[in-house]
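# pasting a predicted model and its sequence here:
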Amino acid sequence: MTTDDDHPPSRRARRRPAEDPPVALVTGASSGIGAATADTLASAGWRLLLSGTDQSRLDAVAARTGGRPLPADLAKPDGAQRLAEAALAAAGRVDALIAGAGLGWRGPFVRTPADTLDRMLEVNLAAPLRLTRLLLPGMLERRRGRIVLLGSMAGQVGVRDEAAYAATKAGLTMFAESLWYELRGTGVGVRLILPGAVRTPFFATRGTDYQRERPRPVSAQEVAAIVHGVLTTDRDRVFVPHWLGYPARLHGAAPGLFRRMASRFG
């Protein structure tokens, strides 16, 4: 899903003065994919606005990348608005939103703690939508920008004992798909990254280790490299690792067959 008008920011960035690098707001930047993305973008010359909830880790990432720490709790209904206002006050604009913050929980849906469910809905789904709504007008006015959303394979095919998490990521997928149509030809692109398991503190935070044999976890640095790639190319949907696209397509074409295979092979 690409158009000739959907130019990567890097092409336009080359026409900017050297002292005016593109600005990226990275959420979930205190650890995992967000921190790795900050490292990667810093090496590529981006100016960074870094958001997270762990102040000490966020400060450490900011110190090594030269980014501006903007601590925020996106689980609060006003968290996204506060972050967007702080980002625009700090840099004057945001050229790329990297929505990497996410929460998970594993277990039967009926046992999902109510506060955990609420936090997942806010952080995984509501916050990216709110941040996009607040930052997109400036991108459209400048006719350049990127919205990069960190989805999940769970949101493509569903995962047993992760119903709420999968639902939030599925919502993010449909948001990206629908927004793509709106942004076509505007110079602003929406990008969706769909990892399987990633070696990050995510599993420790949710309270249970990764327990499946497939797919094998990839590194946060691998995902960060993909994030950088979609900022500088026209790729708009990327599975990590790439072969996960095959089961996703099978699920879409033959969901009954996919379910039987998933039940048999786990």
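Yep, it's here.
# pLDDT below threshold where in the stretch 51-200 of the chain?
Of all residues in the stretch 51-200 of the chain, those with pLDDT under 70 make up the ranges 200.
# measure the nearest residue to A35 once chain neighbours are set aside to G32 for me?
Leaving out its chain neighbours, the residue that sits closest to A35 by CB to CB, 6 or more residues apart in numbering is V61, at 5.0 Å. For every residue, glycine as well, the C-beta is placed using N, CA and C. Using CB to CB, to the nearest Å, V61 is found at 11 Å from G32.
# now the helices for this structure?
Remark: helices assigned in the chain by DSSP state H are 9-13, 32-43, 55-65, 79-91, 114-120, 127-142, 154-157, 163-183, 202-206, 220-232, 245-253, 255-265.
# what about the nearest residue in space to A166 that is not next to it in sequence, neighbour count?
Setting aside the residues directly before and after it, A166 is nearest to A154 in space (CB to CB, 6+ apart), at 4.2 Å. Using other CB atoms under 10 Å, the number of residues around A154 comes to 21.
# surely A154 and Y165 touch.
Yes: with contact defined as CB atoms under 8 Å, A154 counts as touching Y165 (6.0 Å).
# ok, L135 - contacts?
L25, A84, A87, L88, V94, L97, G145, I147 (CB atoms under 8 Å, 6 or more residues apart in numbering).
# separation between the residue lying closest to it once chain neighbours are set aside and Q81?
In this structure, L135 finds its nearest non-sequential neighbour in V94, 4.9 Å apart by CB to CB, 6+ apart. The gap separating V94 from Q81 is 14 Å, by CB to CB.
# circling back: from E162, how far off is the residue nearest to A166?
If you go by CB to CB, the gap between A154 and E162 works out to 6 Å.
# next: P21.
Taken as CB to CB, the span from P21 to E162 is 38 Å.
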